[in-house]
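In: A structural model of the following input is requested.
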Amino acid sequence: MRNKNFWVLLLLLLSGIVLGGFLGNLAEGIAWLSWLNFGESFGLNTPLILDFGVMVITFGLSIRITMASIIGVAIALIIYRYL
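Out: Just a heads-up that it's a prediction; the model follows:
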């Protein structure tokens, strides 16, 4: 059990989040599946801009967690457990 790779877990979790979010967006137009796109978004609403005259750096982060992405993470964890 201790020889499982952290990078495999990270890759599975990220793919579960992305695929879950994608499926949630697809299900938005279907009445009986619209609950999959229910969620909350948090982060920086307006990006932080640092202007140094020669170089401009823009920082921004926004995360949207939906029901479909939570289901995707749960499926990714189940897959990781059985690897």
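In: ok, then the element right after the longest helix along the chain?
Out: Ranked by residue count, the top helix of the chain under DSSP state H comes out as helix 6-26. Using DSSP states H and E, the helix or strand that follows helix 6-26 in sequence is strand 39-43.
In: if we look at the helix or strand just after that next one, which residues are touching it?
Out: Once strand 39-43 ends, the next helix or strand along the chain (criterion: DSSP H and E) is strand 48-51. Where contact means CB atoms under 8 Å, 6 or more residues apart in numbering, the residues beyond strand 48-51 that reach it are 56-60. Glycine gets a C-beta too; all of them are placed from N, C-alpha and C.
In: again, only using 6 Å
Out: Contacts to strand 48-51, defined as CB atoms under 6 Å, 6 or more residues apart in numbering, come from residues 57-59.
In: Going by distance to residue 14, which of the residues you listed wins?
Out: Nearest to residue 14, judged by CB to CB, of the contacts of strand 48-51 is residue 59 at 20.9 Å.
In: tell me, how many neighbours does that closest one end up with?
Out: When neighbours are defined as other CB atoms under 10 Å, residue 59 has 9 of them.
In: looking at the sheet around it, what are its partners?
Out: residue 48 (DSSP bridges).
In: mind checking how far it is from residue 26?
Out: 30 Å (CB to CB, to the nearest Å).
In: residue closest to the middle of this protein?
Out: Residue closest to the mean C-alpha point of the chain, counted by CA atoms, centre = their mean, is residue 17 at 3.9 Å.
In: In this structure that residue contacts residue 70, no?
Out: No. Residue 17 lies out of contact with residue 70 (CB atoms under 6 Å); the separation is 9.0 Å.
In: got any ranges where the protein has weak pLDDT?
Out: Along the chain, the parts satisfying pLDDT under 70 run over 1-3.
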